[in-house]
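# fold the following, please.
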Amino acid sequence: MDGAEDVRRGGGGEEEGTGSGPDGVARDGGEAMGATRATATVTRGDADEGATVSAEGEGAGLPTGVPGPPRPVGELLEQDPRAAVELFAECELLRAEAAEAGVVLDDSPASLEALDQLLPRWRSDPELLDHLGNDAGFYLGTVVARTVPGAVWRLGGDGTPVVLLPSGRELAVVEDGLAWAESGAPELSQVYGEVSEG
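Down below sits the predicted model:
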């Protein structure tokens with residue numbers, strides 16, 4: 001897992017991690033970092049470098065207010081797992097698209113069903129399709145990590161963020177999000193239903 005630590009959601013909404021600080025998030029002794037007004041986009045790297053997280057806006061796991069270049073996902077998860085989780089949850093483009101259609105994304109399983117009902121206006125724009133698919137994958141992962149006990153974000157074998165399920169299965173949420181944005185299948189709510197049942 002390239003040294004990244006898992007950030008876990010407990011049943012009471014607390015986050016737990018190995019070597020955690022008073023707020024339950026793993027710490028390496030570094031300065032607290034923020035992820036304000038940033039949107040995560042995963043770009044697959046080659047075998048030596050792995051994936052990177054690109055951010056639009058400021059923050060992206062750097063000290064709050066400092067714009068930054070793309071960072072390796074493993075570095076972000078290792079140095080500040082809470083910032084990584086917050087960055088993955090931003091999904092600004094998806095949230096804007098949903099809001100325009102009157103859908104509120106509240107990180108609940110029901111919101112995945114509402115997303116599945118959106119008219120896919122983005123499919124005619126390849127750039128928008130990729131960004132929205134990335135956001136859909138991160139949003140799916142956010143809902144799973146926040147509502148399925150024991151589910152955690154971590155890096156997959158190719159360096160892309162995945163959600164590790166209690167069963168040990170890795171859910172490739174970015175791939176699922178891209179497929180959903182492109183064709184509508186698998187439905188996000190269907191993926192959630194399968195993983196929430198165990």
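# point out where this structure drops to low pLDDT.
1-71 (pLDDT under 70).
# how about the strands in this structure?
With strands called from DSSP state E, the chain shows them at 7-9, 15-16, 39-43, 52-56, 71-72, 152-155, 161-164, 170-171.
# give me the neighbour count for G177.
25 (other Cβ atoms under 10 Å). In short, each C-beta sits where N, CA and C put it, glycine included.
# distance check, the residue nearest to it when sequence neighbours are not counted against G102.
Nearest residue to G177, sequence neighbours excluded (Cβ to Cβ, 6 or more residues apart in numbering): G137, at 2.5 Å. For G137, the distance to G102 equals 23 Å [Cβ to Cβ, to the nearest Å].
# these two - which one has more neighbours?
More neighbours surround G137 than the other of G137 and G102, with 32 against 8 (other Cβ under 10 Å).
# tell me the contacts of the more buried one?
With contact set as Cβ atoms under 8 Å, 6 or more residues apart in numbering, G137 has these partners: 173-178, 180.
# and the gap between it and E170?
Distance from G137 to E170, by Cβ to Cβ: 13 Å.
# which non-adjacent residue is nearest P120?
Counting by Cβ to Cβ, 6+ apart, P120 lies nearest to G184, which is 6.5 Å off, once chain neighbours are set aside.
# residues in contact with the closest residue to D130 other than its chain neighbours?
Distances taken as Cβ to Cβ, 6+ apart put L178 closest to D130, at 7.1 Å, once the chain neighbours are dropped. Shown in contact with L178 (Cβ under 8 Å, 6+ apart): 130, 133-134, 136-137.
# now swap in L171 and tell me
141, 144, 151, 162-165, 191, 195.
# what about 6 Å?
For L171, the contact set (Cβ atoms under 6 Å, 6 or more residues apart in numbering) comprises 162-163, 165, 195.
# measure it to L105 for me?
19 Å.
# tell me the one of the contacts of G137 nearest R123?
Using Cβ to Cβ, W180 comes nearest to R123 of those, at 11.0 Å.
# that closest one - how many residues pack around it?
Neighbour tally, W180, other Cβ under 10 Å: 24.
# doesn't N134 make contact with it?
No. Using Cβ atoms under 6 Å, W180 makes no contact with N134, being 11.0 Å away.
# can you tell me which of the contacts of L171 has the most neighbours?
Neighbour-wise, the contacts of L171 (other Cβ under 10 Å) top out at V163, 24 neighbours.
# quick one, what contacts that one?
Applying Cβ under 6 Å, 6+ apart, we find V163 in contact with 141, 144-145, 151, 171, 173.
# so it bridges to which residues?
Beta-bridge pairing for V163 (DSSP bridges): W153, L171.
# in the protein, which helix is the longest?
helix 126-147 (DSSP state H).
# give the buried residues for it.
Using 16 or more other Cβ atoms under 10 Å as the test for burial, helix 126-147 gives 129, 131-145.
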